[in-house]
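only geometry, no sequence info:
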């Protein structure tokens with residue numbers, strides 16, 4: 001029984017270690033590309049509005065767990081928007097089929113859950 005408990009503890013530590021997270025430096029790069037890292041409000045882009053520091057769409061905000069008090073409020077608050085991007089990446093990087101690195105995160109941010117696979121996101 002002790003061996004089983006020890007194995008479970010080790011497995012939990014390995015899974016925690018392997019869980020990829022987007023770095024602050026990568027977040028800052030995405031923020032700079034999207035808005036110059038400023039709360040620039042909302043702009044109509046590809047059939048819907050994109051708002052705030054990371055130019056987040058409402059569907060993206062829903063996928064990241066709807067943090068903050070509202071979609072636009074979160075998008076225009078750097079901490080809330082950063083947490084949203086982190087949650088979105090955590091949700092989708094594992095099923096994207098791409099490595100957990102800044103390029104993949106940026107391409108997923110730009111192209112959606114499997115955006116890192118699309119040729120259209122290579123320039124991003």
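Sure, I can see it. In this text, all values refer to a predicted model and were calculated from it rather than measured experimentally.

next one: the biggest helix by length in the chain to chain centre, how far?
Looking across the chain with DSSP state H, the single longest helix is helix 78-96. Centroid separation for helix 78-96 versus its chain: 3 Å, with CA atoms, centre = their mean, to the nearest Å.

Same check on stretch 103-112?
Counting by CA atoms, centre = their mean, stretch 103-112 comes out at 8 Å from the chain centroid.

Mind listing what's buried along it?
For stretch 103-112, the neighbour count (16 or more other CB atoms under 10 Å) marks 104, 105, 106, 107, 108, 109, 110, 111, 112 as buried. (Glycine included, C-beta is placed from N, CA and C.)

possible to save the residues you listed as TSV with secondary structure, pLDDT and distance to residue 31?
Output for the buried residues of stretch 103-112, formatted as TSV (DSSP: H, G, I helix; E, B strand; the rest coil; pLDDT from 0 to 100; distance: CB to CB, whole Å):
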residue	secondary structure	pLDDT	distance to residue 31
104	helix	97	17
105	helix	97	12
106	helix	96	11
107	helix	97	15
108	helix	97	15
109	helix	97	10
110	helix	95	13
111	helix	95	17
112	coil	94	18
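
Out of those, the closest to residue 74 would be?
Proximity of those to residue 74 (CB to CB) peaks at residue 109, which lies at 15.2 Å.

need the contact list for that closest one.
Contacts for residue 109 were tallied using CB atoms under 8 Å, 6 or more residues apart in numbering; they are 30, 54, 85, 88, 89, 115, 124.

Can you give me the pLDDT of the nearest residue to the third one once chain neighbours are set aside?
Take residue 85 and drop its neighbours on the chain: the residue closest to it by CB to CB, 6 or more residues apart in numbering is residue 54, 5.6 Å away. Residue 54 carries a pLDDT value of 98.

do the same with residue 115
Residue 115 is given a pLDDT of 92.
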